[in-house]
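Trainee: Provided below are the primary sequence and the corresponding predicted coordinates.
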Amino acid sequence: MFKQQAVPMIFSQVKQIRIPSINNILRAAALPLIGLVIFLGLWSVMAKNIDTSLGQFPGPIAVWEQATTLIDEHNAQMDKADVFYTRQEERNAARVAQDPTYEPKIRAFTGAPTFFEQIWTSLYTVLVGFVVASLIAIPIGIICGLSKNAYTAINPLIQLFKPVSPLAWLPLVTMVVSAVYVTSDPMFSKSFITSAVTVSLCCLWPTLINTAVGVSSIESDLINVSKVLRLNALSHVTKIVLPSSIPAIFTGLRLSLGIGWMVLIAAEMLAQNPGLGKFVWDEFQNGSSESLARIMVAVLTIGVIGFILDRLMLMLQKQVSWDKSAVLR
Amino acid sequence: MSNKHHLELTQVGIDFPTPKGPFTALQNVNLRIDKGEFISLIGHSGCGKSTVLNIVAGLYQATNGGVILDNQEVNEPGPERAVVFQNHSLLPWLSAYKNVELAVKQTPNGRSKKEMKEWVEHNLELVHMSHAADKLPAEISGGMKQRVGIARALAMEPKVLLMDEPFGALDALTRAHLQDSVMEIHAELGNTVIMITHDVDEAVLLSDRIVMMTNGPAATIGEILPIELARPRNRIELADNPEYNHYRHEVLKFLYEKQRKVESVDEHRKKLAKHNKASSKGASVA
């Protein structure tokens, strides 16, 4: 009986380590492609049947056209800026030649930000907000995980603030930033700080909670090792606590970054702060026949960037993680 | 003050708080251990062997009595009482070398960097693990991990080496190899060792004295059996040795006659019926 069982087990193991065949590669590439084609098909059929006050709902082709238009507009704007700066330099050079005491003034180009500049603003804002939140959340999470008393003290606050929508925070943050951040020569614009702080407030919680859970579930044997070795608090955290809670911390970080990206778009729309959210809102207010297609480009861009951000975090986790055999997805 | 004994456990007892009041796990444990002695603790599961070891390690605080090592009371864990844990407990993110190195760095001894490196390598050599120094724990077998665990403990130059069922999770062949290694190391270094085991042969083969524990709750030392077999001991020669078999028999008699925990089917049924009656009244019998 034992032998009968043993044989199929070996076969199943052989199956698992088989190199990926062409069939498998085709499947891995073809199935997502089929999904995409079906989606595009359904989208264009449904779009034809929806008429809005701004015209027909854009199908894939209209959206593609707007995407290329946005690229062209961006290039045109960049050209304009180049022309503006060369003209300014020439004019300044001419005035200095006429009057050597003249100090040339350099003015920045004031054209409306293009789609790609808005993307850049949003990315920069979300990263700053996310990093600030992580720098606060990870240490507090570690403290909560190490000390039951600290956890009991902080947990009610976490539970209270975790479910608060970013949009509820936004007016408060805006007013506080306006009141507190007063300088004659601002390094950052107020709108940037408002958006970043709002993102931070929403990014804190998943990282904090996951870090606390990860730290509190360290194997008791490893804690005993630390005690026998008489590791001091700092070595205990760096040698034992951090490495063993890295998977949990990264789970939190990835959730936080995802939430932060969603929150940012909403905050930009509501507060009219520069970024992708503002682009969407402006197009909505603009209400031309192309607006819906341009918003759709933004929607897809937001999705793609969110996906890329998550993949980047996954790559970082793979770099940092000691357990190279763990399946991360 | 006369230094009669190296390690003394005097009237050691421990209570664990439970919702139903304190639970006495251990009481009146008295044991005097000389320098270089190899002591085995044997007893049924749950009899408090690990608790004794954890008290000596300083991981638990005794409720009554205390432990004195070289005239100093033990009240916190420290590298002079190194522990080899049952499931190796190596830090999975550090290589074998780094695991041992961490222990060496934490032991106060004023070694230079070079001496430290040599000491780590020496200890890995002692357990025959030099070839896998750069491997992560996940990349080596269970027996090899336990070897590194022993190297880590030895590298702390402990006064007492505490081993909590060090070979419990290993297969019989690997276990025999490791037992031989431990005997070799003990002969070479002369550490004082306290080892917990479930394995009667292991206890007789390795120990100078076998400490047999009664069943809990309120477990204590039942008998102490000195093993006066000449060293070095060879497992194959001892297999037919009448003295060895006598010791073996003594331990088995203690475990399965005097401290019988294995119930007959009848007894088990009776107990079960009683338990069911009790729990139907709302009380639970642990």
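Mentor: That came through, no problem. Numbering: from 1, shown residues only, chains lettered A, B, ... in the order given.

Trainee: so residue B:170 sits right up against residue B:146, yeah?
Mentor: Yes: using C-beta atoms under 8 Å, residue B:170 is in contact with residue B:146, at 6.5 Å. Glycine gets a C-beta too; all of them are placed from N, C-alpha and C.

Trainee: shared neighbours, those two?
Mentor: Counting by C-beta atoms under 8 Å, 6 or more residues apart in numbering or on different chains, the common neighbours of residue B:170 and residue B:146 are residue B:178.

Trainee: Just name the shakiest helix or strand of chain B by mean pLDDT.
Mentor: For chain B, the helix or strand with the lowest mean confidence is helix B:265-280, at a mean of 67 (criterion: mean pLDDT, DSSP states H and E).

Trainee: measure residue A:146 to chain B for me?
Mentor: Distance, residue A:146 to chain B, using C-beta to the nearest C-beta, to the nearest Å: 17 Å.

Trainee: How about the contacts made by that residue?
Mentor: Residue A:146 sits in contact with A:215, A:216, A:237, A:241, where contact means C-beta under 8 Å, 6+ apart.

Trainee: Neighbour count for residue B:170 and residue B:146, which is higher?
Mentor: A direct count of neighbours by other C-beta atoms under 10 Å in any protein chain shown for residue B:170 and residue B:146 places residue B:146 higher, at 29 against 18.

Trainee: The more buried one and chain A: what is the separation?
Mentor: According to C-beta to the nearest C-beta, residue B:146 and chain A sit 13 Å apart.

Trainee: Could you find the closest non-adjacent residue to that residue?
Mentor: residue B:88 (5.3 Å; C-beta to C-beta, 6 or more residues apart in numbering or on different chains).

Trainee: Mind giving me the packing neighbours of the lengthiest helix in chain A?
Mentor: The longest helix of chain A (DSSP state H) is helix A:60-98. Applying 3 or more C-beta pairs under 8 Å, 6 or more residues apart in numbering or on different chains; DSSP states H and E, one finds that helix A:60-98 contacts helix A:22-48, helix A:115-146, helix A:291-320.

Trainee: Now the phi/psi pair for the residue nearest to residue B:146, please.
Mentor: Taking degrees, to the nearest 10, you get phi 60, psi -50 for the backbone angles of residue B:88.

Trainee: that older thread, out of the helices and strands packed on helix A:60-98, which one sits most buried?
Mentor: When those are scored by mean count of other C-beta atoms under 10 Å in any protein chain shown, the highest mean neighbour count falls to helix A:115-146 (a mean of 20).

Trainee: Which helix or strand lies directly C-terminal to it?
Mentor: Next helix or strand after helix A:115-146 toward the C-terminus (DSSP states H and E): helix A:148-161.

Trainee: Next, the buried residues of that next one.
Mentor: Within helix A:148-161, the residues scored as buried using 16 or more other C-beta atoms under 10 Å in any protein chain shown are A:151, A:154, A:158.

Trainee: distance of the second one from residue A:139?
Mentor: Same thing as residue A:154. Distance of residue A:154 to residue A:139, given as C-beta to C-beta, to the nearest Å: 12 Å.

Trainee: Next: the last one.
Mentor: Residue A:158 sits 14 Å away from residue A:139, taking C-beta to C-beta as the criterion.

Trainee: Next: residue A:24.
Mentor: As judged by C-beta to C-beta, residue A:24 and residue A:139 stand 45 Å apart.

Trainee: likewise residue B:109?
Mentor: Relative to residue A:139, residue B:109 is positioned 33 Å away (C-beta to C-beta).
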